[in-house]
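Participant: Fold the stuff below for me.
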Amino acid sequence: MIMSDRRDRRPILLTNARVIDPSRDLDFPGDLLMADGVIRDAKRGIGAAGVPEGTEVIDCRGHIVAPGLIDMRAFVGEPGAEGRESIASASQAAAAGGVTTIICQPDTTPAIDDPAVVDYVLRRARDTAIVNVHPMAALTKSLEGLEMAEIGLLKAAGAVAFTDGARSVTNAQVMRRALVYAGDFDVLIVHHTEDPNLVGEGVMNEGEFAARLGLIGVPKAAETIILERDVRLVALTGGRYHAASISCAESLEVLRRAKDAGLSVTASASINHLALNEIDVGQYRTFFKLAPPLRAEDDRMALAAALAEGLIDVVMSDHNPQDVEVKRLPFAEASAGAIGIETMLPAGLRLVNNGELKLITLLKAMSSRPAELLGLPGGSLRPGAPADVVVIDPDVPWVLDSDELKSKCRNTPFDEARMQGRAVRTIVAGRTVYEYV
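Facilitator: Residues are numbered from 1 along each chain as shown. Sure, this is the predicted structure:
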């Protein structure tokens, strides 16, 4: 149930909870008090000590209370593709998935390469969204990879980072200049590491399975070559760099060398690449067609292990709504992409339930770490932090029905999947915006 009445400003006390704050490595049974849009306290026995008059007291019955999730990579169609997803519909899906902050991508129409478009997105978010929405701005003008965008002006307008979305900047000189210039403003460059020339006509992971299906493959080198180049440019410039979507074990080796060398390099993996592999494509199931493509099970396991040890910093949804007209086509012709903002948390809980990941590690990669990288105030339950909170029932079993999703599109790879655990309450700025009933 979506609840978006912004007038209800009563303090909220969450009692009888398992409180997890990954920003401080805390995991304890206790209570959480919120008032005036911020966290007031998180400890044992708050209810017994007395709370402000009129406080709404919610018994969590042992459920998990954690910082609201921050989705660091989501396509929102506004402006220009509102039919695929609007800021309003994306925020509804986010709230249902425990996501309290969306970081939207600049590959819109027009692209977010002008301060006026940044301002438009922020105003639309204030008017229509029930969660926080922050835009990444274009790294290059019109996302063409040829001329650097006005990074200083775009940051002043409210952009939280810079990227060309699903496009790679193939010109090394342009990327070098962007890293130098971004360093002057201490902003993060987020890059999609996929050489379009090596991708060519490829539509899934290159290997035996693609050959059996008669499909053209995408080599892992398309990713690792761009990542290796970018890491060398970071060493040359000293810029802050984030690989947008790591998908294979070979890229982890590059990432490890960069971090061991002390470079300011971080990386994300999508929940799809952590929870699925190329075999899920099955008999040409287009909802599993992604960019980068799903890799082999060995790669998936390597990504999960890298997340567990902290080599991968962030888990994001890579939310990419696609109309049915461009998905229900032959696999080679279908558009790449899957929705994921509402399924990111339950799919991530699969990794916890099968023992590949600790819960606090997953929550850190979905909340406090993105906040740190982007300089946002959320991702924490510290007193004074924004009261953006998710309540999670880790045990509830359910089957995903795509018709019940809040996104305008239904291109989910998890349709009819059996899940265990989900968000049951989402709170933004101290107000409940979603409750599962």
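Participant: Looking only at the helix or strand hosting residue 30, what residues are buried by neighbour count?
Facilitator: According to DSSP states H and E, residue 30 maps onto strand 26-35. Using 16 or more other CB atoms under 10 Å as the test for burial, strand 26-35 gives 27, 30-35. Where C-beta positions appear, they are placed from N, C-alpha and C, glycine not excepted.
Participant: By mean pLDDT, point me to the weakest helix or strand of the chain.
Facilitator: Across the helices and strands of the chain, the lowest-confidence element by mean pLDDT, DSSP states H and E is helix 46-49, at a mean of 70.
Participant: which helices and strands does the helix ranked longest in the chain pack with?
Facilitator: When the chain is scanned for its longest helix (criterion: DSSP state H), the result is helix 221-237. Secondary-structure packing of helix 221-237 (3 or more CB pairs under 8 Å, 6 or more residues apart in numbering; DSSP states H and E): helix 172-185, helix 196-199, strand 240-243, helix 249-260.
Participant: helices or strands next to the second one in the packing?
Facilitator: What it means is helix 196-199. Counting contacts by 3+ CB pairs under 8 Å, 6+ apart, helix 196-199 packs against helix 221-237.
Participant: buried ones in the helix it packs on?
Facilitator: Of the residues in helix 221-237, 222-231, 233-234, 237 count as buried by neighbour count, 16+ other CB under 10 Å.
Participant: would you list these in a markdown table and tack on distance to residue 134?
Facilitator: Output for the buried residues of helix 221-237, formatted as a markdown table (distance: CB to CB, whole Å):
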| residue | distance to residue 134 |
| --- | --- |
| 222 | 29 |
| 223 | 26 |
| 224 | 30 |
| 225 | 31 |
| 226 | 25 |
| 227 | 25 |
| 228 | 30 |
| 229 | 28 |
| 230 | 23 |
| 231 | 26 |
| 233 | 26 |
| 234 | 24 |
| 237 | 25 |
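Participant: can you put those residues in JSON lines and add distance to residue 329 and pLDDT?
Facilitator: Formatted as JSON lines, the buried residues of helix 221-237 follow (distance: CB to CB, whole Å; pLDDT from 0 to 100):
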{"residue": "222", "distance to residue 329": "23", "pLDDT": "98"}
{"residue": "223", "distance to residue 329": "25", "pLDDT": "98"}
{"residue": "224", "distance to residue 329": "30", "pLDDT": "98"}
{"residue": "225", "distance to residue 329": "29", "pLDDT": "98"}
{"residue": "226", "distance to residue 329": "28", "pLDDT": "98"}
{"residue": "227", "distance to residue 329": "30", "pLDDT": "98"}
{"residue": "228", "distance to residue 329": "34", "pLDDT": "98"}
{"residue": "229", "distance to residue 329": "33", "pLDDT": "98"}
{"residue": "230", "distance to residue 329": "33", "pLDDT": "98"}
{"residue": "231", "distance to residue 329": "37", "pLDDT": "98"}
{"residue": "233", "distance to residue 329": "37", "pLDDT": "98"}
{"residue": "234", "distance to residue 329": "39", "pLDDT": "98"}
{"residue": "237", "distance to residue 329": "42", "pLDDT": "96"}
